[in-house]
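Participant: The sequence isn't on hand, but the structure is:
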């Protein structure tokens, strides 16, 4: 457990059964008020955390790691990382480990046998359903470890994770899963992607060399010989990937088309027809291979016509170093440099959604839209939200996103 600002961050593990016998791990983090009547009487919770925790249905977040890594990219047991940052703000967080890594079981130190198709069509939906089912369990249960089988109740409800977060290739997998889901399964209302790009097309000599080396027939032979992409041995990551992953990854980063290797499903066409919800993307100026802004923007365009924002991170605060795709999540300075931008953006989304709802209700009731805006503003102030921008009238074009120092608004499509 981690204690911050009179909150206890409760951490527990969930395992999700797959048809091949593997057990995928999820770390569950939730802020709980300190068991102190003095603190409770004084209301010592503060800001957004106070209100989100006090609500009957806190916002829930699902996090998916990228290639050659595990869910620990988002958290450390000491209480650091993006997942703990979200939990400290009052969000309920679920961090996934895909097969053969982290605390997932059933692979005996070998790469997972799950294909990319399996992950997109089965593993990700199962993980999301498990998170939803877990939230529906009694908070009073003393058992901190829960296992979900393939026969578990799969009904999704309003308690499902509505904020989906991914790093690297995890953003591609999560978007692909969205493209294939039913409307009932598409519970996300916002997505946040760190260094997510599909095709590597940056005009950079090092990046081009990497693509050529990665897609070279000799590399494929090496992977087949190892029966895995040996990321750990090559010191490229914390987890090896199986041969199917390598085949799909090399295909997707080098081709314009984005199709499923097993059934030919066209993800680009599906996302054009069913765009993802509003997205926030983080890129970097220094990391042209894994986090280049041109590749991130190109990926935004593939996600359908939707509201998107990209933040391009440069220098790390109080340092001569610059952000790359890993330090966006792992550098201690990211808490203020990066994480705050993510939670501020979510708060903006909440306010915008509230105003839209009130405006709609005002139109239905034939009341003044100005009154609706005033009502929304007062509700926000009453809840002690620390807004990252100033309110203004609807016709004030100078008001949006005043604090954004490296932001560019992109409307994809």
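Facilitator: Structure received. Predicted, not measured: the structure shown is a model, and the values here were computed from it.
Participant: can we go C-alpha only for contacts and neighbour counts from here?
Facilitator: OK.
Participant: Nearest residue to the middle of the protein?
Facilitator: Centroid-nearest residue in the chain: residue 165, 0.3 Å away (criterion: Cα atoms, centre = their mean).
Participant: that's a helix at that residue, yeah?
Facilitator: No: per DSSP: H, G, I helix; E, B strand; the rest coil, residue 165 lies outside any helix segment and is strand.
Participant: hey, what's it bridged with?
Facilitator: residue 63, residue 192 (DSSP bridges).
Participant: That one: what's it in contact with?
Facilitator: Residue 165 makes contact with 61, 62, 63, 64, 171, 191, 192, 193, 194, according to Cα atoms under 8 Å, 6 or more residues apart in numbering.
Participant: Reformat those residues as a markdown table; add pLDDT and neighbour count.
Facilitator: What follows is the contacts of residue 165, written out as a markdown table (pLDDT from 0 to 100; neighbours: other Cα atoms under 10 Å):
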| residue | pLDDT | neighbour count |
| --- | --- | --- |
| 61 | 98 | 26 |
| 62 | 99 | 24 |
| 63 | 99 | 29 |
| 64 | 99 | 27 |
| 171 | 98 | 27 |
| 191 | 98 | 24 |
| 192 | 99 | 25 |
| 193 | 99 | 26 |
| 194 | 98 | 28 |
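Participant: Going along the chain, name the strands of the stretch 51-200 of the chain.
Facilitator: For the stretch 51-200 of the chain, strands defined by DSSP state E, counting those that start in this stretch occupy the ranges 60-64, 92-97, 145-148, 163-167, 190-194.
Participant: so can I have JSON lines of those showing distance to residue 264?
Facilitator: Shown next, in JSON lines, are the strands of the stretch 51-200 of the chain (distance: least, Cα to Cα, whole Å):
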{"stretch": "strand 60-64", "distance to residue 264": "24"}
{"stretch": "strand 92-97", "distance to residue 264": "26"}
{"stretch": "strand 145-148", "distance to residue 264": "30"}
{"stretch": "strand 163-167", "distance to residue 264": "24"}
{"stretch": "strand 190-194", "distance to residue 264": "25"}
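Participant: Among these, which comes closest to residue 133?
Facilitator: Proximity to residue 133 (Cα to Cα) singles out strand 145-148 among these, at 8.8 Å.
Participant: mean confidence score for the closest one?
Facilitator: On average, the pLDDT along strand 145-148 is 52.
Participant: Give the residue spans of the stretch 101-250 of the chain that score low on pLDDT.
Facilitator: 138-157 (pLDDT under 70).
Participant: 50 instead, please
Facilitator: Applying pLDDT under 50 to the stretch 101-250 of the chain flags residues 138-144, 149-155.
Participant: again, but for the stretch 301-413 of the chain
Facilitator: Across the stretch 301-413 of the chain, the ranges flagged by pLDDT under 50 are 384, 387-413.
Participant: Okay, helices next: where are they in it?
Facilitator: 327-330, 334, 340-365, 369-382 (DSSP state H, counting those that start in this stretch).
Participant: Show me the contact partners of the shortest one.
Facilitator: Counting by Cα under 8 Å, 6+ apart, the neighbours of helix 334 from elsewhere in the structure are 316, 327, 328.
Participant: In space, what's closest to the first one - neighbours in sequence excluded?
Facilitator: When the adjacent residues along the chain are set aside, residue 316 lies closest to residue 322, with 5.2 Å between them (Cα to Cα, 6 or more residues apart in numbering).
Participant: Report the separation between the one you found and residue 192.
Facilitator: The gap separating residue 322 from residue 192 is 21 Å, by Cα to Cα, to the nearest Å.
Participant: wait, doesn't residue 337 sit right on residue 315?
Facilitator: No: counting by Cα atoms under 8 Å, residue 337 does not reach residue 315; the two are 9.5 Å apart.
Participant: Show me the domain layout of this structure.
Facilitator: 2-203+265-392+400-411, 204-255 (automatic domain parsing).
Participant: looking at these, which is buried most?
Facilitator: Highest mean neighbour count among the domains of the chain (mean count of other Cα atoms under 10 Å): domain 2-203+265-392+400-411, with a mean of 19.
Participant: How about the contacts made by residue 180?
Facilitator: Applying Cα under 8 Å, 6+ apart, the residues contacting residue 180 are 121, 270.
Participant: one step back: bridging residues for the residue nearest to residue 316?
Facilitator: Beta-bridge partners, per DSSP bridges, of residue 322: residue 315.
Participant: what's the distance between it and residue 312?
Facilitator: Per Cα to Cα, residue 322 is found 11 Å from residue 312.
Participant: Pull up the overlap in contacts between the two.
Facilitator: Shared contacts of residue 322 and residue 312, counting by Cα under 8 Å, 6+ apart, come down to residue 285.
Participant: Considering the contacts of residue 165, which is situated nearest to residue 305?
Facilitator: Proximity of the contacts of residue 165 to residue 305 (Cα to Cα) peaks at residue 191, which lies at 14.3 Å.
Participant: Was I right to think that closest one contacts residue 282?
Facilitator: No: using Cα under 8 Å, residue 191 makes no contact with residue 282, being 11.5 Å away.
Participant: Quick check: residue 106 vs residue 127, distance?
Facilitator: Here residue 106 is placed at a distance of 16 Å from residue 127 (Cα to Cα).
Participant: Could you name the specific helix or strand carrying residue 218?
Facilitator: helix 217-226 (DSSP states H and E).
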